[in-house]
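Novice: Fold the following.
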Amino acid sequence: MNIVVPPQELVWLKQFFSGRNCVTWQEIESGEAKAKYLDQIIPWVKCLSKDEIYCPLVLPFYGKDGPLAWYAMASDELQFSQLIDEITAFIGPSFSNFGGEWSDMSRDDISEMALHERFGNCVMKFIARFPGDCEEIERTLSLYQKLLARRPETPDRTHQPFGKIRGDFDRALLARNAIHAQELLEELCSSGRVNAEQKKCIEIRLLAGLGRQEELASNYSLIASLMDLSLPPQTIADITEALYDTYIRPIESNSNTSIIKASFKKNIALPFGTLFRERKGILLPKVLRSFLLFEAVQDEPNITRCEALLSAYPIDAEGRYLAQTWLSTFTPTKQEKSSQTRLNDVRQAIFDEDYMVAIDLCYKEPLQPWVYSALIRCAFELRNPVVTRRVLHTFAEAEINTPIQLTDKDKVRLEILENSSLASETPYVDSDWITWAKWVSSGTYHISPLVVLEKATLRWSINEYINNTKLCDELAQIIGNSSGTYEEVFRRSFPNIVEFFVERPTRPLRAFASIYAILIKVIAWSGSASADELEIATQLTQTLLAIGPSQDIYCECLEDLGEIIKANNSIIHLDWALNTSEILAIYPTQNAELRLRLFMYVVDMARTGYHRLSNTQRNVLSLLAKDYNCHNLLDFIPALETEDFIDEHDNEYNGTIGIYTMMDGAGTRAKHLLEYLLPNARIELNGDSVATDQLTSLARNADMFVFAWKSSKHQAFYCIKEARRGRNIITPSGKGTASIVKSVLESISSS
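Specialist: Numbering: from 1, shown residues only. Model (predicted):
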């Protein structure tokens, strides 16, 4: 019988139709099951032929004499709520014991565990009230299934697609647009697809993505409400890095490790210890160091786990020497371990998703039943052809002597490995960026590449690419040469690529030049861009210019920026265009003519909407005209007869204005312009990358303080926040002169 089911759905289907279920998946596929059983199963299974489960499912569970129970499940809570109402209406208490509630799935039953792993709590179970009611339930469920098949999909006209909103949310975080990110978070939650725990995970992502680590680390109730759950890798990374940055980063260079351990134990291990149960393969340096310190403060550190953490630590990654130093100070003497202790070490390695470590530990043990089970689990998770062949060879040799007793779940996993070991459709696609990108370009996949990417990037090390320009160039070429559906996948993965290659490194890297350039090109290809995408384009441009790109890449960058400006030629984007022009003016040019041409696109934008220009924009244009050697530029932009330079009241402002920015050029221009606009005010600049006495003093004493936070990726904000003691901190919408000056004038006018 030809049944087309996506591979990711086959796993749980095979588990459900096994064990105590007297109808197996093999009998369903081959058509050997009883015809009346197939009539009840096949129509529901056909609902799985699409990439997403678009309607509820109801599957029977058979004993020797017929159906014992039925399981109804849905892919999300909104669909599940609808399913409860419909099962109540079609079946209800008339024929079954169903009372309108979800059911707890038994962890000891392989069929029920399969449903729990796939659908979570969105599963209900019901049985017939009397044996004679089974036929009535089957008849009613057949009717229900036919109605579902004919039911048209109801378009939700009140919301954008969930994936689109989530992508916009990620872009807002990259652009440091706190207001828009908060709006998108609320829109995600109102979609009906986010439960209470998921909402908290998104709130954590919001705080971490906006660089508010101290605020996150101080929110005990938020973190504590999730600690007992199995968290997504991104949430584990966000919380762990926030705690590390807040409590350990300021003292990590202290040679007295007992001080570091004491701080970690007091502020992190004791209140948040359960956070460190499983690492899920995350390779971020601060996460690895945090897990290492967690073991260090235990009464009996797990030396095997410590060694696994150091082994997983990328060789050239930031902080590795520090981790080695710490490990050398608290490594206990190795002792002979019992079989139970070794089993616990393997389990911990699997929890941490250090599957290669777990495999190595298994092969050091006599081949006991639990060792075979662990080998199957690790090979199944890795999907590495070399590992799979080694494990299958181990099983083949063992079967010659003594048949191995496996659980039903292990049998399903082993069967999948045997069938896919030589020619899997998705072999090891999450091993690195190049493999993933080639897999996307091949088009041979049945699972979303974005789902694979979201889980994989935290397990990839940035250090593999830092000194390998060829790898970066190859990735950029694959993305640049994509088209059609594959091009759309790369566009949707844009936030993941930016986060990995731009946000994760502590500084711009020359090896990534081609990737920075292709990311700017992706925005140019998109035509009309959002305000967040435009801000990201500016960040990418500054990052690219900071590394001193080749002339070809520089010219290509400016041509793409020109396309972006022309496609978004609106006065509403003028501040962004002015900020971008300022960045180009600050850095050395490798093609003055091309840079001037791009600036003239900005001038045309201003000329078209001259009647809507603010005084700040007009004066920033005047300053930029001098940078681009166009001194008489404003002569070609008509002035408004009623134009006033600045309100008389505002002109009299005589307070101290402190400006914090990491862009010296933008800060200097803003200072000069504000001194001209506010002759009685005192303007002071600061660009310290750490919390210095000068920065603290300025923040404490300034009457008005501007924090151009989009140019800052460190902890300076918390020193400023503490020094201000509740007084207002002005945060411009951008990081250029226009944004800084505009925010100051607006603040004065509103006070």
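
Novice: measure the nearest residue to residue 229 once chain neighbours are set aside to residue 54 for me?
Specialist: Among residues not flanking residue 229 along the chain, residue 197 sits closest, at 6.1 Å (Cβ to Cβ, 6 or more residues apart in numbering). Yep, even glycine has a C-beta here, placed from its N, CA and C like the rest. Plainly put, residue 197 is 24 Å away from residue 54 if you go by Cβ to Cβ, to the nearest Å.

Novice: Please apply the same query to residue 289.
Specialist: From residue 289 over to residue 54 (counting by Cβ to Cβ), the distance is 44 Å.

Novice: and the two? which has more neighbours close in?
Specialist: More crowded of residue 289 and residue 54, by other Cβ atoms under 10 Å: residue 289, with 25 against 13.

Novice: From residue 502, how far out is the more buried one?
Specialist: Taking Cβ to Cβ, one finds residue 289 at 23 Å from residue 502.

Novice: Same question for residue 729.
Specialist: For residue 729, the distance to residue 502 equals 25 Å [Cβ to Cβ].

Novice: Now stretch 612-622 - C-alpha only, PDB.
Specialist: Taking C-alpha atoms only, stretch 612-622 is exported to PDB below (Å, rounded to 0.1, in the frame of the first residue of the first chain):
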ATOM      1  CA  ARG A 612       9.000  68.000   5.300                       C
ATOM      2  CA  LEU A 613      12.700  68.300   6.300                       C
ATOM      3  CA  SER A 614      13.300  69.100   9.900                       C
ATOM      4  CA  ASN A 615      15.900  71.700  10.900                       C
ATOM      5  CA  THR A 616      18.000  68.900  12.300                       C
ATOM      6  CA  GLN A 617      18.000  67.000   9.000                       C
ATOM      7  CA  ARG A 618      18.800  70.100   7.100                       C
ATOM      8  CA  ASN A 619      21.800  70.900   9.300                       C
ATOM      9  CA  VAL A 620      23.100  67.300   9.300                       C
ATOM     10  CA  LEU A 621      22.900  67.500   5.500                       C
ATOM     11  CA  SER A 622      25.000  70.700   5.600                       C
END
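
Novice: which residues make contact with it from outside it?
Specialist: The contact list for stretch 612-622 (Cβ atoms under 8 Å, 6 or more residues apart in numbering) reads 571, 574-575, 578, 582, 603, 606, 633-634, 637, 643-646, 669, 673, 676-677, 736-738, 741-742, 745.

Novice: What segments of this structure are strands?
Specialist: 57-63, 66-73, 123-126, 656-660, 682-686, 704-707, 729-730 (DSSP state E).

Novice: List of residues touching the longest one?
Specialist: Identification of contacts with strand 66-73 by Cβ under 8 Å, 6+ apart yields 16, 40, 56-62, 80, 83, 87, 96, 112, 115, 118-119, 122-128, 134, 137-138, 141.

Novice: Just the buried ones from the residues you listed?
Specialist: By neighbour count, with 16 or more other Cβ atoms under 10 Å, the contacts of strand 66-73 hold 16, 40, 56-62, 80, 83, 87, 96, 112, 115, 118-119, 122-128, 134, 137-138, 141 as buried.

Novice: Quick check: the residue nearest to residue 229 touching residue 226?
Specialist: Yes. Here residue 197 reaches residue 226: they are 6.5 Å apart, a contact under Cβ atoms under 8 Å.
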